[in-house]
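Chemist: here is a sequence together with a model predicted from it:
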Amino acid sequence: MTAIELTGLTKRFGANVAVDDLTITIRSGAVTGFLGPNGSGKSTTMRMILGLDVPTAGTARIGGRSYAQLPDPMRTVGALLDAGWVHPNRSARSHLRWQAAAAGLPRTRVEEMLDLVGLTSVARKRVGTFSLGMRQRLGLAGALLGDPEVLVLDEPVNGLDPAGIAWIRGMLHRLAAEGRTVLVSSHLLAEMALTATDLVVIGNGRLVAQGTTAEVLGGSARVVRVQAAIPSALTAALRDAGLSVQELPGEHAVEVPGATTGEVGEIAALRGLALCELTARQPSLEEAFMELTGDRSQFVASTGAVAS
Amino acid sequence: MTAVVGAAGGALLQAVPDDSTPRRVPVVAPGRIRAFTRLLAAERIKLVSTRSPWWCAAVVVVLLAGLTALIAAQYVPESGSAWLSFGGIGVVPMAVVAVLATLAVTGEYRTGTVRTTFLAAPQRERTLLAKTVVVAAAAAVIGLVASFAAWIMAVFIAPRADLALSGAAQWRAVAGVGAVYAVVAVLSVAIGLLVRHSAGAITILMLWILVGESVLASLPRVGTDIAAWLPMRNLARFLVVGIADPDPSRSFFGERQLFGPWAALGYSAGVAVAVLAVALVVARRRDA
């Protein structure tokens, strides 16, 4: 089927490396979430896949061809990179009509797509009067015009209300279930965990993790949360056993990263300590993400207080 | 989920094909001619679906017809052939044609529509060539409409003036405006592609059309030699040779000329096409 293959894909802007030797394959029949902090190179990667930016090195291929070599690009790839890429004085219908004309698609297809995204009633209005959510819907209509095998969407849920987000999620699942290749970027982790079956995580332009969503997010270390009747004794016992213990401010419980509940329970039993809580805690998506991208975020926020 | 997503979700379930076959219509590369025809259709829809081209076209027609009417109203037979007054007036709205053609390109860069365009048609030279053809054709139509409207007004306002389309020079003075505007449009599209900013591209073209060539032509000693090579002057020459120029080998101002009328048009068109060729290569290499 039509997979997206990136081989050594690199983009430099002067001395700044935006995308650094990225080699990944995005398979068909799945929704692949493309995750990374702001400025990590997601959009630049997508622009290179779609032939808008010229790679400094490496290739991006769709079904074995570069975007410019595709025989009928809109009917192979549907893309929505920026919902603002429309002329504000053109009507929604005209915006889709010229795209349909460029792809040799019938006018009826334009009406179908307006219907699909729920913009028929405002089709004659200037796009400049649209809300961000309406523009996203118009952009999606454009991406779907050619009934493409591959979809490349940059932050498609941006600006949508909860109903719109659920609508997109359902549509992406459906499109992937039809065997299409769906690549969706986002910085919204919780949304990606619900939407994506596969994940590609990048930070600072480099590949950080790739696999199914469960693999990528479950791959980070588990944490055991434990509370004893005499907390200080337990902490000492765990430290004696060579485990690191993190005390939680304002709580009697402590967290033990990289341990299992069995290990902790055994240590407590050997010292005869009574436990009142012992749970394995799955790290939150944000924690998993931060652990994966770590110091790779280009713009690390300071945690210091703002002096007045 | 359908209950949550409401009307749009309901429509989705019908409009996305129900059969799970991934491809309904096989993707076949269109032939070169068909591909270009599609691009022409797309660019035509783009050009007529915003307001600014219509405004520019209206300004060109009103300006040319209005100026001609003013001149015709002042006409007295003692001032000689009416063609001496009317010949070459078509160059006046050229600047507005340049604005129309430039905005057709820089407007796309400003709004990002050019990237949507390159997604739909990634072979940039072909795509931008289609845009150039459509904009130049529109400019030619605007020129013909404006010029004939002006001529008809003049004939009605100054019935005693000899404004018959009696020869090749007279026809050129009226119908030639279409060709002149087409050349200006090609040049403006090219400058728009190179500069990619409305203000910058329009400034360059205005300086070129309204100021630059006159300054170059009035330089001491070398001015008259340079003037013969200036594209806008040659476009004007195409319109006026044989009616306003008493001596075909010299301009109205006595400057020695290199080209006859058709060679002058061809030379100017050649300059515009050369700048366009550079612009197309640059557009392919740059990040969109």
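Modeler: Good, I have the coordinates.

Chemist: spit out the contact partners of the residue nearest to the spatial centre of chain B.
Modeler: Residue closest to the average C-alpha location in chain B (Cα atoms, centre = their mean): residue B:185, at 2.3 Å. Taking Cβ atoms under 8 Å, 6 or more residues apart in numbering or on different chains, we find residue B:185 in contact with B:97, B:98, B:100, B:101, B:132, B:135, B:136, B:138, B:139, B:140. Every residue, glycine included, has its C-beta placed from N, CA and C.

Chemist: quick check: domain ranges of chain A?
Modeler: Here the domain parsing of chain A from automatic domain parsing is A:4-213, A:223-282.

Chemist: can you flag the weakest of these by average pLDDT?
Modeler: Note on the domains of chain A: domain A:223-282 shows the lowest mean pLDDT, a mean of 86.

Chemist: pretty sure residue B:202 sits in a strand.
Modeler: No - Residue B:202 sits outside any strand when classified using DSSP: H, G, I helix; E, B strand; the rest coil, being helix.

Chemist: residues near the nearest residue to it once chain neighbours are set aside, how many?
Modeler: Of all residues beyond its chain neighbours, the one nearest residue B:202 is residue B:102 (5.4 Å), with distances taken as Cβ to Cβ, 6 or more residues apart in numbering or on different chains. Using other Cβ atoms under 10 Å in any protein chain shown, residue B:102 has 29 neighbouring residues.

Chemist: so residue B:102 is in contact with residue B:201, correct?
Modeler: Yes - using Cβ atoms under 8 Å, residue B:102 is in contact with residue B:201, at 4.8 Å.

Chemist: can you list residues touching both of the two?
Modeler: B:188, B:191, B:192.

Chemist: those helices in the chain, which residues are they?
Modeler: Unless you meant another one, I'm taking chain A. Along chain A, the stretches classed as helices by DSSP state H are A:42-49, A:73-76, A:92-103, A:107-116, A:132-144, A:162-177, A:189-195, A:213-218, A:231-240, A:261-270, A:285-293.

Chemist: my bad, chain B
Modeler: Under DSSP H, chain B gives helices at B:2-15, B:32-48, B:52-73, B:82-86, B:94-111, B:113-120, B:124-157, B:168-195, B:198-206, B:213-217, B:223-227, B:231-240, B:261-285.

Chemist: report the contact partners of residue B:162.
Modeler: Taking Cβ under 8 Å, 6+ apart as the test, what residue B:162 contacts is B:81, B:82, B:83.

Chemist: looking at the residues you listed, which is nearest residue A:32?
Modeler: residue B:83 (70.3 Å; Cβ to Cβ).

Chemist: show me what contacts the residue nearest to residue B:202?
Modeler: So residue B:102 contacts B:188, B:189, B:191, B:192, B:198, B:201, B:202, B:205 (Cβ under 8 Å, 6+ apart).

Chemist: try it again at 10 Å.
Modeler: Residues near residue B:102 by Cβ atoms under 10 Å, 6 or more residues apart in numbering or on different chains: B:135, B:185, B:187-193, B:195, B:197-202, B:204-206.

Chemist: before we move on, the earlier item: of the domains of chain A, which is nearest residue A:289?
Modeler: With Cβ to Cβ as the criterion, residue A:289 lies closest to domain A:4-213 of the domains of chain A, at 5.4 Å.

Chemist: and stretch A:207-226, how far apart are its ends?
Modeler: When the termini of stretch A:207-226 are compared using Cα to Cα, to the nearest Å, they are 35 Å apart.

Chemist: now that stretch: how far from the chain's centre is it?
Modeler: In this view, stretch A:207-226 has its centroid 15 Å away from the chain centroid, taken as Cα atoms, centre = their mean, to the nearest Å.

Chemist: now stretch A:81-91
Modeler: Stretch A:81-91 sits 24 Å away from the centroid of its parent chain (Cα atoms, centre = their mean).

Chemist: show me which residues of the stretch 101-250 of chain B sit near chain A.
Modeler: B:107-108, B:110-124, B:127, B:130 (Cβ under 10 Å from any Cβ of the partner chain).

Chemist: same thing but at 8 Å, please
Modeler: Residues of the stretch 101-250 of chain B found near chain A (Cβ under 8 Å from any Cβ of the partner chain) are B:107-108, B:111-113, B:115-123.

Chemist: the nearest residue to residue B:73 once chain neighbours are set aside and residue B:170, how far apart?
Modeler: In space, and not counting its chain neighbours, residue B:73 is closest to residue B:157: 5.7 Å by Cβ to Cβ, 6+ apart. In this view, residue B:157 and residue B:170 are 18 Å apart by Cβ to Cβ, to the nearest Å.

Chemist: which of those two has more residues huddled nearby?
Modeler: Higher neighbour count among residue B:157 and residue B:170: residue B:170, with 19 against 16, using other Cβ under 10 Å.

Chemist: about what we covered before: let's have the domains of chain A in CSV, adding mean neighbour count and distance to residue B:77.
Modeler: Below are the domains of chain A laid out as CSV (neighbours: other Cβ atoms under 10 Å in any protein chain shown; distance: least, Cβ to Cβ, whole Å):
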stretch, mean neighbour count, distance to residue B:77
domain A:4-213, 20, 49
domain A:223-282, 15, 98
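
Chemist: nearest to residue B:33, out of those?
Modeler: Closest of these to residue B:33 is domain A:4-213, at 12.3 Å (criterion: Cβ to Cβ).

Chemist: show me how far that closest one is from its chain's centre.
Modeler: The chain centre lies 12 Å from the centre of domain A:4-213; the measure is Cα atoms, centre = their mean.

Chemist: residue at max distance from the center of chain A?
Modeler: residue A:272 (46.8 Å).

Chemist: re earlier: surely the residue nearest to residue B:73 touches residue B:70?
Modeler: No - under the criterion of Cβ under 8 Å, residue B:157 is not in contact with residue B:70, lying 9.3 Å apart.

Chemist: surely residue B:180 is in contact with residue B:237?
Modeler: No - using Cβ under 8 Å, residue B:180 is not in contact with residue B:237; the gap is 10.2 Å.

Chemist: circling back: just put the helices of chain A in CSV and tack on distance to residue B:230.
Modeler: Formatted as CSV, the helices of chain A follow (distance: least, Cβ to Cβ, whole Å):
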stretch, distance to residue B:230
helix A:42-49, 41
helix A:73-76, 42
helix A:92-103, 37
helix A:107-116, 46
helix A:132-144, 44
helix A:162-177, 57
helix A:189-195, 60
helix A:213-218, 65
helix A:231-240, 87
helix A:261-270, 87
helix A:285-293, 59
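
Chemist: closest to residue B:210 out of those helices?
Modeler: Closest approach to residue B:210 among those is made by helix A:92-103 (32.8 Å; Cβ to Cβ).

Chemist: counting by contacts, list what the closest one packs against.
Modeler: Identification of packing neighbours for helix A:92-103 by 3 or more Cβ pairs under 8 Å, 6 or more residues apart in numbering or on different chains; DSSP states H and E yields helix A:73-76, helix A:107-116, helix A:132-144, helix B:32-48, helix B:113-120.

Chemist: those: which one's closest to residue B:175?
Modeler: helix B:32-48 (22.5 Å).

Chemist: which elements pack onto that closest one?
Modeler: Applying 3+ Cβ pairs under 8 Å, 6+ apart, we find helix B:32-48 packed against helix A:92-103, helix B:113-120, helix B:124-157.

Chemist: try it again at 7 Å.
Modeler: Packing contacts for helix B:32-48, counted by 3 or more Cβ pairs under 7 Å, 6 or more residues apart in numbering or on different chains; DSSP states H and E, involve helix A:92-103, helix B:124-157.

Chemist: chain center to the last one, what's the gap?
Modeler: Chain-centre distance of helix B:124-157: 7 Å, with Cα atoms, centre = their mean.

Chemist: repeat that for stretch A:263-273.
Modeler: Mean C-alpha position of stretch A:263-273 versus that of the full chain (Cα atoms, centre = their mean) differs by 41 Å.

Chemist: which residues are contacting that stretch?
Modeler: Defining contact as Cβ atoms under 7 Å, 6 or more residues apart in numbering or on different chains, one finds that stretch A:263-273 is touched by A:224, A:226, A:228, A:230, A:233, A:234, A:237, A:238, A:241, A:256, A:275, A:278.

Chemist: okay if I get those as CSV plus distance to chain B?
Modeler: Shown next, in CSV, are those (distance: Cβ to the nearest Cβ, whole Å):
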residue, distance to chain B
A:224, 36
A:226, 39
A:228, 45
A:230, 50
A:233, 51
A:234, 46
A:237, 49
A:238, 45
A:241, 48
A:256, 39
A:275, 42
A:278, 37
